[in-house]
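Chemist: compute the structure for the input listed below.
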Amino acid sequence: MPDNILFLLFASAFVWLGALTFFFIRLLTHYNSLSKGVSQKSLKSILEDLLKDVDLNKKDIEYLKSYASKIDKQGSLHVQKIGLLRFNPFKDTGGDQSFILSLIDGNNSGVIISALYSRSGTRWYAKKVIEGQGSEYELSDEEKQVLKDAVTLN
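Modeler: Numbering: from 1, shown residues only. Predicted coordinates for the structure are as follows:
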């Protein structure tokens with residue numbers, strides 16, 4: 001019996017040493033992969049450098065988020081939606097020489113430019129648009145249609 005117990009003790013010690021060796025080799029491999037390409041630095045200094053880099057990256061990401069938000073707000077103020085309609089308002093002139101052009105931003109505000117062509121000349125009109133509605137002057141049916149087309153198609 002004592003031989004069996006001794007054998008079991010040696011076998012369990014051998015298994016225990018094998019498991020410890022396995023985990024030690026994994027730990028050593030992981031440590032070597034962390035410190036690969038770094039000369040004469042301890043793991044502590046490497047990890048401290050990494051934490052400094054993470055802090056710098058967080059600051060950069062916050063700056064980029066605020067900058068992207070600023071650009072997004074400014075971008076809504078640029079012309080984004082364009083509508084165009086050519087038509088003939090007078091029966092005595094030929095062709096669709098007259099037109100209505102709407103230039104609208106992301107907030108559906110902007111300008112509608114109308115050009116009415118006649119034999120005596122071309123008349124130009126501009127009307128301010130705020131949030132999809134004519135602000136100072138009533139929009140004609142054609143201007144409303146061009147505005148609607150610009151807002152819905154773009």
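
Chemist: now the helices for this structure?
Modeler: Taking DSSP state H as the test, the helices found in the chain are 2-34, 43-75, 141-153.

Chemist: got the contact list for the helix or strand of the chain with the lowest mean pLDDT?
Modeler: Counting by mean pLDDT, DSSP states H and E, the chain has its least confident helix or strand at strand 133-134, which shows a mean of 78. Strand 133-134 is touched from outside by Ile112, Lys127, Lys128, Leu139, Glu143, with contacts defined as C-beta atoms under 8 Å, 6 or more residues apart in numbering. (Glycine included, C-beta is placed from N, CA and C.)

Chemist: make it 6 Å
Modeler: Identification of contacts with strand 133-134 by C-beta atoms under 6 Å, 6 or more residues apart in numbering yields Lys127.

Chemist: each with direction, which strands does it pair with?
Modeler: The partner list of strand 133-134 in its sheet, established with DSSP bridges, is strand 121-130 (antiparallel).

Chemist: looking only at pLDDT, what's the mean for the strand it pairs with?
Modeler: This predicted structure assigns strand 121-130 an average pLDDT of 88.

Chemist: for that strand, buried residues please.
Modeler: Within strand 121-130, the residues that qualify as buried are Lys127, Val129, counting by 16 or more other C-beta atoms under 10 Å.

Chemist: now it against helix 141-153, angle please.
Modeler: Taking axes from the mean of the first three to the mean of the last three C-alpha atoms, to 10 degrees, strand 121-130 and helix 141-153 form an angle of 50 degrees between their directions.

Chemist: got the contact list for strand 121-130?
Modeler: Residues external to strand 121-130 that are found in contact with it (C-beta under 6 Å, 6+ apart): Ser109, Gly110, Val111, Ile112, Ile113, Ser114, Ala115, Leu116, Gly134, Ser135, Glu136, Tyr137.

Chemist: swap in stretch 71-91?
Modeler: Defining contact as C-beta under 6 Å, 6+ apart, one finds that stretch 71-91 is touched by 96, 98-107, 116, 118, 142, 146, 149-151, 154.
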